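In: Sequence plus the predicted model coming up.
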Amino acid sequence: MSDIILSPSILASDFSKLGEQLKILEQCNVPYVHIDVMDGSFVPSISFGMPVIKAIRKSTKAVFDVHLMIDEPSRYIKDFKDAGADLITVHVEACKHLNRTIEQVKEQGLKVGVALNPATPIESIKHVLDMVDMVLIMTVNPGFGGQKYIESCTEKIVELKSMIDSKGLDVDIQVDGGININNINKVIDAGANVIVAGTAVFDKGNIKENVNDIMSII
Ligand code: DX5
Ligand code: ZN
């Protein structure tokens with residue numbers, strides 16, 4: 001059994017059947033659900049927020065992996081906890097005081113991740129690496145599903161993995177954006193162990209088949 005964690009992004013789901021689709025993922029034993037929150041400021045688009053997360057919390061026991069693509073997420077950490085988040089990831093580019101925001105998430109008893117846009121160097125999180133449970137390497141520019149994987153991100157995964165190992169830390173590496181059955185093994189070989197996939201999981205509504213295809217090759 002592979003120790004790779006699949007985290008399907010519900011941004012690509014059919015919102016009119018969200019509860020049902022989460023149940024299908026649960027039947028497939030998918031451990032995480034990736035929840036993309038967008039504010040129309042940090043990223044161009046707006047997705048959904050606390051009320052939607054609260055509503056779907058009762059549909060599944062999966063880990064709610066909440067990816068906050070919002071400016072100054074420190075304003076809303078408690079609200080996302082109350083809505084049902086288990087893991088909250090904030091962007092290094094969106095936080096004025098990153099250490100403080102990370103601490104805030106931990107104080108709520110949640111797991112914490114820090115995310116980096118494709119153009120942001122790994123170096124920028126060097127001094128918080130020992131504070132987090134996960135680093136999210138964005139492999140597209142955040143804001144939309146269905147974009148193409150940016151090839152230069154592969155070496156960032158390798159670089160991060162070696163930084164984590166050299167410090168003797170136990171930090172998950174998540175990748176997000178443009179991941180599909182053709183490049184998933186490349187990111188895993190580079191060091192990623194938490195894989196976000198939106199389009200690849202929900203494509204054509206064939207969730208079971210798509211998840212089985214992914215699980216059979218990792
Ligand atoms: C992009 C989001 C991603 C996105 C991934 O801003 O953070 O989670 O939904 O979608 P795919 O897998 O379709 O690229
Ligand atoms: Zn995401």
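Out: That came through fine. Numbers count the residues shown, from 1 in each chain. Ligands and ions are numbered 1, 2, ... in the order given.

In: CA only for contacts and neighbour counts going forward, please
Out: Will do.

In: residue ranges with poor pLDDT in the protein?
Out: 1 (pLDDT under 70).

In: Contact residues of it facing ligand 1?
Out: 9, 11, 36, 142-147, 176-179, 197-199 (CA under 6 Å from any ligand atom).

In: Mind doing that once more with 8 Å?
Out: 8-12, 34-36, 38, 43, 67, 69, 138, 140-149, 176-180, 196-201 (CA under 8 Å from any ligand atom).

In: What is the strand or helix carrying residue 23 packed up against?
Out: Using DSSP states H and E, residue 23 falls within helix 18-27. Here helix 18-27 touches helix 207-217, going by 3 or more CA pairs under 8 Å, 6 or more residues apart in numbering; DSSP states H and E.

In: Can you give me the buried ones in the helix it packs on?
Out: 207, 208, 210, 211, 214, 215 (16 or more other CA atoms under 10 Å).

In: still on that earlier bit, pull out the buried residues from the helix holding residue 23.
Out: 18, 19, 21, 22, 25, 26.

In: Just checking the distance from it to the centre of its chain.
Out: Mean-position distance between helix 18-27 and its chain equals 18 Å (CA atoms, centre = their mean, to the nearest Å).

In: Verify the stated contact: residue 11 with residue 198.
Out: Yes. Using CA atoms under 8 Å, residue 11 makes contact with residue 198 at a distance of 6.5 Å.
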